[in-house]
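Engineer: Build the 3D model from these lines:
(2 chains)
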Number of protein chains: 2
Amino acid sequence: MKKTFTLILSALLSANLLQAQDSLAIRKFYDEALVNGKAYENLRYLCKNIGPRLSGSAGAQKAVEWSKKLMEGYGFDKVYLQEVMVPHWVRGAKETAFIIDSKNRIAVPIAALGMSVATPKDGITANIIEVRSLKELEALGESVIKGKIVFFNRPFDPRFIETGAAYGTAGDQRFMGPAVAAKYGAVGCIVRSLTEIIDDYPHTGATLADPGTKLIPAAAISTKAADKLSNMLRLRKLPLIKFYFKQSCQLLPDVLSYNVVGELTGTEHPNKFITVGGHLDSWDLAEGAHDDGTGVMQSAEVLRLFKATGYRPKNSVRAVFFMNEENGHKGGTKYAELAAQNKEEHIAAIETDEGGFTPRGFSFSDVSKDFIKKVNDNWKSTLEPYEVDQLTIGGAGTDIEPMKGKVPGVVLIGFRPDSQRYFDLHHSAKDVFENVNKRELQLGAAGIAALIYLIDQHGL
Amino acid sequence: MKKTFTLILSALLSANLLQAQDSLAIRKFYDEALVNGKAYENLRYLCKNIGPRLSGSAGAQKAVEWSKKLMEGYGFDKVYLQEVMVPHWVRGAKETAFIIDSKNRIAVPIAALGMSVATPKDGITANIIEVRSLKELEALGESVIKGKIVFFNRPFDPRFIETGAAYGTAGDQRFMGPAVAAKYGAVGCIVRSLTEIIDDYPHTGATLADPGTKLIPAAAISTKAADKLSNMLRLRKLPLIKFYFKQSCQLLPDVLSYNVVGELTGTEHPNKFITVGGHLDSWDLAEGAHDDGTGVMQSAEVLRLFKATGYRPKNSVRAVFFMNEENGHKGGTKYAELAAQNKEEHIAAIETDEGGFTPRGFSFSDVSKDFIKKVNDNWKSTLEPYEVDQLTIGGAGTDIEPMKGKVPGVVLIGFRPDSQRYFDLHHSAKDVFENVNKRELQLGAAGIAALIYLIDQHGL
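Structural biologist: Alright, predicted model coming up:
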């Protein structure tokens, strides 16, 4: 009896000791991130000195070169590039668009959707028809749609608590809408910007342009202009309202680009990997601050925090700046292919691509209820003081997604910051450095470091 | 055995049924807040059409009158004013300040601390001495301090996860610093703005001005200027650096003002009360958007959400717009006095005065561990889908604090939004409507409505 008691006691003590040790290490990451953090100033450089960096652009190439130097400067054990061919889409001249009724031409702000094609040189004028869904479009059919511009105008549903869910349910309009409209003979497509906020900024983003898809010119319209257009269509007879737009975007030949990888080599298992990454490319309308400058700068910061606090991970930890998340996912796909080809063993991959806002927690993709319960039982109380303790089942991220299937055993995890402000800025001219908060960004880096530390120490 | 089983089953079923009913009601509050919410547009009016509203000012009086009409317009069962005499401090002309070394006069941004006195008409010039704490000041003593301007320059500690804790530990410099410096013969006092952000905005706030306190002119200096001044003091000999400042603030005779109260009368217990409130007064440097326009607009919105969704509370629920939180706490004190005088029974009081940011949860003041465990066991899972489920022991708020002692049995609760951005803006010219996010604000109103509903239905 006494022996059993002693055994239990010593197990409890060692469990407590372990937890105390974890808490101490994590506290150090936070202190370093909040007192000496570099992610914010690095982000400033990326946004202000490099700026927009769509795949294939000069900005993207500059960002690759600078990122490599940045990680080399931090003295990570390995820093290297992974070659990847990426699409090279360019916007061309600023778009113009008008709502035309019997008397007036009302200028409205639009932005060509990524991967879309140009209008004829002088633009397109056509009758415009509003639909709220793909289903509604299909029900109208070719007889109604042919020769018209289709206007997708289903707003964000504000009732979702997490805005990502609203984006998810509205997103088919932008991604599939133009391709489906083309099938029914539309000559152009205008899509309400994927945001709840009502303002004058169009939000771009990729639209489907697979080989074999018939392409028509497609653009995002600001929510304010979408409401105006919708009201005009409702109040007047259809043929009286026409829409004009002109854009000169084009898809150039693929370009050689790179993922940028930094690594701290594991002291015990150098051939087992934990990845943390975001994407280095960004849309061209702004600085790609929250999407996803914050994610890449947090990823490098995680490794820097480990080095600065003297934490040497048992397993190899990689920061990956993926290329081409926005319009092709080529970088993420390449990373997974190379991992499979090199028969690498991956424990976990964490993606940070939901903005640099106050951390909430992490969502684990395709895990069982038992798995997530164990994660909560083991780690929730350790993460609670840092308010990054929402550990749920959910999506992980586009860049690590291709590892699923290709890399057996890897657990895919998404970093979850607060979602409320993300889509106010996402893919629009407002996604600039000034809209990132230093503490929120640094707390994210420390929170991800904490999770990786726990995985590195205790496995998954 | 079978009977016991049936009993347990029916108890479980009825518990589940109750919880389902709660979830349904709460979902309705959120839908109404997110789809038809009025708090944001009301806040716009308060900020843009009324603006600054320090106690005793014309803005404060306008805000009282407009608030009463607003709640009357919503058809609350009772809307009335509570008279309260408040201090009337005015800033006067914009302050000027210079760091003076042997060659230059460098202009620096300052703002008189609330309740402070003016400098002589031509300002004060004196040697300036930097201290980091009251203790350090006291150790230096009168021989060193006499005739000088004391410069309190202890920065926010960035390591706290919640920024309120950093405010708490730095705040004595502003509140007590000038009074203690005066005791040792200082002729003026300059206090580093209470914020972590490094910029050019001074953050004002009240300083101690009790009867019997010796008063010297005291002002907040921007963090950027504080760093500059500190560097100059470090690099050069003391007598070469002087400081000049001029301010013309003054305390006028007390003014009659008002708390504004709206009430939904309870269907079962009209004489039992649940209060939700924020403060209507604001500092004069901006629009008092997050401090505390968001709090009052959320408080009115809670009652509006109940009415709009058809929820008739069993107990009376009051929205209270307190006057004079910033420089006297007279409104909160009066509310508690009247409640005691009228022998009102109060179940709970919830204060929202930490900004209109994304909700995190609620902190319960002076409750036992058993109490908070029960609150969590009962309600955490119901609040979790709304991410407002941090239910902790902690502070409640300045305006409801006076109920402690005066009103037996009341549970004091603080609404806790995310704290990261609050002190970037707090008491500075940056606290404007544009820095409030609509969804974050509305989620707060719905979250508070949810908690009040649970308290109203199930007690505390």
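Engineer: ok, residue A:315 - contacts?
Structural biologist: A:266, A:268, A:269, A:270, A:272, A:273, A:274, A:347, A:456 (CB atoms under 8 Å, 6 or more residues apart in numbering or on different chains). (C-beta placed from N, C-alpha, C; glycine too.)
Engineer: Relative to residue A:278, how far out is the first one?
Structural biologist: So the one you mean is residue A:266. To residue A:278, residue A:266 is 22 Å away according to CB to CB, to the nearest Å.
Engineer: Likewise for the second one?
Structural biologist: Distance, residue A:268 to residue A:278, by CB to CB: 27 Å.
Engineer: what's the answer for the fifth one, then?
Structural biologist: Plainly put, residue A:272 is 22 Å away from residue A:278 if you go by CB to CB.
Engineer: now do residue A:178
Structural biologist: 28 Å.
Engineer: what's the helix or strand for the closest residue to residue A:186 other than its chain neighbours?
Structural biologist: Nearest residue to residue A:186, sequence neighbours excluded (CB to CB, 6 or more residues apart in numbering or on different chains): residue A:150, at 4.5 Å. For residue A:150, the host element (DSSP states H and E) is strand A:149-152.
Engineer: got the contact list for that strand?
Structural biologist: By CB under 8 Å, 6+ apart, the list of residues contacting strand A:149-152 reads A:124, A:126-132, A:137, A:173-174, A:177-178, A:181, A:186-192, A:221, A:226, A:229-230, A:233, A:243, A:245.
Engineer: Try it again at 6 Å.
Structural biologist: A:126, A:128, A:130, A:173, A:177, A:181, A:186, A:188, A:189, A:190, A:191, A:243 (CB atoms under 6 Å, 6 or more residues apart in numbering or on different chains).
Engineer: Tell me who's in contact with whichever residue of the stretch 151-300 of chain A sits closest to chain B.
Structural biologist: Going by CB to the nearest CB, chain B is nearest to residue A:158 of the stretch 151-300 of chain A, at 4.4 Å. Contact partners of residue A:158, counting by CB under 6 Å, 6+ apart, are A:196, B:34, B:35.
Engineer: next one: residue A:421
Structural biologist: So residue A:421 contacts residue B:437 (CB under 6 Å, 6+ apart).
Engineer: So if I had to pick from residue A:272 and residue A:278, which one is more boxed in?
Structural biologist: residue A:278 (28 against 17; other CB atoms under 10 Å in any protein chain shown).
Engineer: Could you say which helix or strand holds the more buried one?
Structural biologist: Residue-wise, residue A:278 maps onto strand A:269-279 under DSSP H and E.
Engineer: Please identify the residues of the stretch 1-150 of chain A in proximity to chain B?
Structural biologist: A:31, A:34, A:35 (CB under 6 Å from any CB of the partner chain).
Engineer: Run a quick neighbour tally on the second one.
Structural biologist: I take that to be residue A:34. 20.
Engineer: sorry, back to before: and the next helix or strand after the strand holding residue A:150 with chain B, contact?
Structural biologist: Later in the chain than strand A:149-152, the nearest helix or strand by DSSP H and E is helix A:163-170. No - figure legend: helix A:163-170 not in contact with chain B (CB under 6 Å from any CB); closest approach 7.5 Å.
Engineer: Now do the buried residues in the next helix or strand after helix A:163-170.
Structural biologist: Sequence order places helix A:172-175 as the next helix or strand after helix A:163-170, per DSSP H and E. Neighbour-count burial for helix A:172-175, counted by 16 or more other CB atoms under 10 Å in any protein chain shown, picks out A:172, A:173, A:174.
Engineer: ok, now which ones touch the first one?
Structural biologist: It refers to residue A:172. By CB under 6 Å, 6+ apart, the neighbours of residue A:172 are residue A:134.
Engineer: Could you list the low-pLDDT ranges of the stretch 301-450 of chain A?
Structural biologist: Under the criterion pLDDT under 70, no range of the stretch 301-450 of chain A is flagged.
Engineer: could you pull out the helices for it?
Structural biologist: Taking DSSP state H, counting those that start in this stretch, the helices of the stretch 301-450 of chain A run over residues A:330-341, A:369-383, A:403-406, A:422-425, A:438-458.
Engineer: So which of these is nearest chain B?
Structural biologist: When the helices of the stretch 301-450 of chain A are compared (using CB to the nearest CB), the closest one is helix A:438-458, at 4.9 Å.
Engineer: List of residues touching that closest one?
Structural biologist: Counting by CB under 6 Å, 6+ apart, A:25-26, A:29-30, A:33-34, A:37, A:39-40, A:274, A:276, A:294, A:298, A:301-302, A:305, A:313-315, A:348, A:356-359, A:362, A:379, A:388, A:415, A:417, B:420 sit against helix A:438-458.
Engineer: Next: stretch A:196-207.
Structural biologist: A:109-111, A:113-116, A:156, A:158, A:174-175, A:178, A:193-195, A:218, A:220-224, A:283, A:285, A:327, A:424, A:427-430.
Engineer: which of these count as buried?
Structural biologist: By 16+ other CB under 10 Å, the contacts of stretch A:196-207 give A:109-111, A:113-116, A:156, A:158, A:174, A:178, A:193-195, A:218, A:220-224, A:283, A:285, A:327, A:424, A:427-430 as buried.
Engineer: what sits opposite residue A:206 in the beta ladder?
Structural biologist: residue A:114 (DSSP bridges).
Engineer: From residue A:74, how far out is it?
Structural biologist: Taking CB to CB, one finds residue A:206 at 32 Å from residue A:74.
Engineer: Tell me who's in contact with residue A:294.
Structural biologist: Here residue A:294 is in contact with A:356, A:441 (CB under 6 Å, 6+ apart).
Engineer: can you tell me the helix or strand for it?
Structural biologist: helix A:294-308.
Engineer: and if you look at residue A:125?
Structural biologist: Assigned by DSSP H and E, residue A:125 falls in strand A:124-131.
Engineer: What are the contacting residues of that strand?
Structural biologist: A:137, A:148, A:149, A:151, A:153, A:187, A:188, A:230, A:233, A:242, A:243, A:244.
Engineer: Assign the residue nearest to residue A:108 when sequence neighbours are not counted to helix, strand or coil.
Structural biologist: Spatially, and ignoring its direct neighbours in sequence, residue A:108 is nearest to residue A:225 (3.7 Å; CB to CB, 6+ apart). For residue A:225, the assignment made with DSSP: H, G, I helix; E, B strand; the rest coil gives helix.
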